[in-house]
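In: Please find the sequence and the predicted model below.
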Amino acid sequence: MSQAMAALDAVWKVLAIGLLLGAGLPALFSLGVRQLAVATEPGANVALHKALGWAAFVVVGAAVTLGIAGIVAHGLGVKLFF
Amino acid sequence: MNFGLRFRDVTPELVLLVLAVVTALAFDFTNGFHDTANAMATSIATKALTPKFAVGLCAVLNLIGAFLSVEVALTVTNAVIRIQNPDGTPRTELLTDGGRPLLMILLAGLIGAIVWNLFTWLRGLPSSSSHAMFGGLIGATIAGMGIDGVKWVGEGAKLDGVVGKIILPGLASPLIAVFVAMVGTWLVFRIARGVAESVMDKGFRWGQVGTASLVSLAHGANDAQKTMGVITLALIASGHWVDTHAIPLWVKVTCASAIALGTWLGGWRIIRTMGKGLVEISSPQGMAAEASSAAVILSSSQLGFALSTTHVATGSILGSGLGRRAEVRWGIAGRMGLAWLITLPSAAVVGAVMWWIGTTLGPWLGPVTIFAILCGLALWMWLHSRIKPIGHHNVNDDWEAPDTPAALQTEEVAR
């Protein structure tokens, strides 16, 4: 039973992080794509929408970079914490 | 290495060691081409990358990932079988005759793993290479040491044993991946509603390639070290290595190269099933699926939740289909599920039979015979794959049930 509880404990953590990063980041990326599309529409505030779009991409890029850093850190035996 | 080898130095133990190392590298190779699909199937299916470029990129990232995994993986077998002490040294009772009992378990177990990996590849089914490896080792251990040689249930609150390291994560991880990818895909399409499809495709290709690369890197880091651990264990058992805190450099280099080479070859049959068979994939969906895989794989490896890359990647692709209410081919999903369930027992049966044959035939003939059986079965399955070859040229053909790539259909019509 304690094994099942331990698994459940891991499951909700993985699910939470998965939803935050695995679903949240694509959603943010989608927001970026949308902003860039809006910027091309007639009468749109081009600078504003472009800036918003690229800001979204930068955040996603930074998160991915952190992910890679996580792999490297894990490989070097450093335990990260959430 | 001493190359001044004289004939009388060639003992049965040395032959067994060499066969075990070669078999471990062969397993690592199948591990690579079995799992290319996990990272690249979506990018190939959406044409974000050409098939050849995708497998090349995946191979390079696997190679880099394998070298990043410097964390000592020497206690890899401890999760499920009792052939090592907690500190990584082999159990003393397995070290008689130059480590023969331990080496036989490793050799027979890895043969079981390779045979099952090749069989599922022939059938175009993504199945877990880790489950195959642990299954083979479990079978060979039961044959060699009895049922008590296997750690079935871990003790206390730490996930361990067959239940804690394989069965529970095996059940939970695909479900988590399905859910995360489903939510992600739904959000992506909801947010980008009204944006022209061509703009979507162009934008999301970048995101797709980025997330797929992350999955490739994580795969190299997670999977290559398992084989490194097994080879080092074999070297320790035979007295060729003593340090339980480090892996010999040549083992690292050969393992990293083997998994990268396998990846580069591309398991096209599996890529086809995952990219075209399960659901039709669009770029935004592909990005959501790979992002889900990457997030679940990386967070689990941080938490010591030992899941299979294959289960997660397949779950994510399925979930991405559900998230946009696309048609899912449940028949194929069901076949995959069945393959997952029987992967461990099947590899275990082969591993046990190989151990029995290898031990019965004596120290010289035994290991050589089971290695020959492995080569024979591998050749047979490869020849079978040539009947309906799937490669970079027809991997993306439209899926028709039962699966026949267009190139093959026209060939048959021409005849």
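Out: Cool, got the structure.
In: Tell me where chain A has helices.
Out: A:2-17, A:24-39, A:46-75 (DSSP state H).
In: To residue B:355, which of these lies closest?
Out: The closest of the helices of chain A to residue B:355 is helix A:2-17. By C-beta to C-beta, the value is 27.9 Å. Every residue, glycine included, has its C-beta placed from N, CA and C.
In: So what's the residue count around residue 6?
Out: In the absence of a named chain, chain A is used. 20 (other C-beta atoms under 10 Å in any protein chain shown).
In: Switch to chain B, please.
Out: 6.
In: List the residues that contact the spatially most central residue of chain A.
Out: Residue closest to the average C-alpha location in chain A (C-alpha atoms, centre = their mean): residue A:25, at 3.0 Å. Counting by C-beta atoms under 8 Å, 6 or more residues apart in numbering or on different chains, residue A:25 touches A:60, A:63, A:64, B:291, B:295.
In: And for residue B:183?
Out: Taking C-beta under 8 Å, 6+ apart, one finds A:19, A:23, B:323 in contact with residue B:183.
In: element containing it, please.
Out: helix B:168-191 (DSSP states H and E).
In: immediately after that helix, which helix or strand?
Out: helix B:197-237.
In: quick check: mean pLDDT across that following helix?
Out: Helix B:197-237 shows a mean pLDDT of 90.
In: And the next helix or strand past it?
Out: Next element after helix B:197-237 (DSSP H and E): helix B:249-265.
In: What strand or helix carries residue B:63?
Out: helix B:51-68.
In: close to chain A, is that helix?
Out: Yes: using C-beta under 8 Å from any C-beta of the partner chain, helix B:51-68 comes into contact with chain A via B:65, B:68.
In: ok so, going back, can you tell which of the helices of chain A is closest to residue B:354?
Out: Of the helices of chain A, the one closest to residue B:354 (C-beta to C-beta) turns out to be helix A:2-17, at 30.1 Å.
In: that older thread, got a list of contacts for the helix holding residue B:63?
Out: Contacts for helix B:51-68 (C-beta under 8 Å, 6+ apart): A:71-72, A:75, B:32, B:36, B:39-40, B:43-44, B:49, B:212-213, B:216-222, B:224-225, B:252, B:255-257, B:259-261, B:263-266, B:268, B:271, B:392, B:395-396.
In: Please pick the buried ones from those residues.
Out: Among the contacts of helix B:51-68, those scoring as buried are A:71-72, A:75, B:32, B:36, B:39-40, B:43-44, B:49, B:212-213, B:216-222, B:224-225, B:252, B:255-257, B:259-261, B:263-264, B:266, B:268, B:271, B:392, B:395-396 (criterion: 16 or more other C-beta atoms under 10 Å in any protein chain shown).
In: sorry, back to before: and the helix holding residue B:183, which residues are buried?
Out: For helix B:168-191, the neighbour count (16+ other C-beta under 10 Å) marks B:168-170, B:172-174, B:176-189, B:191 as buried.
In: Give me the angle between that helix and helix B:197-237.
Out: Using axes from the mean of the first three to the mean of the last three C-alpha atoms, to 10 degrees, the inter-axis angle of helix B:168-191 relative to helix B:197-237 is 160 degrees.
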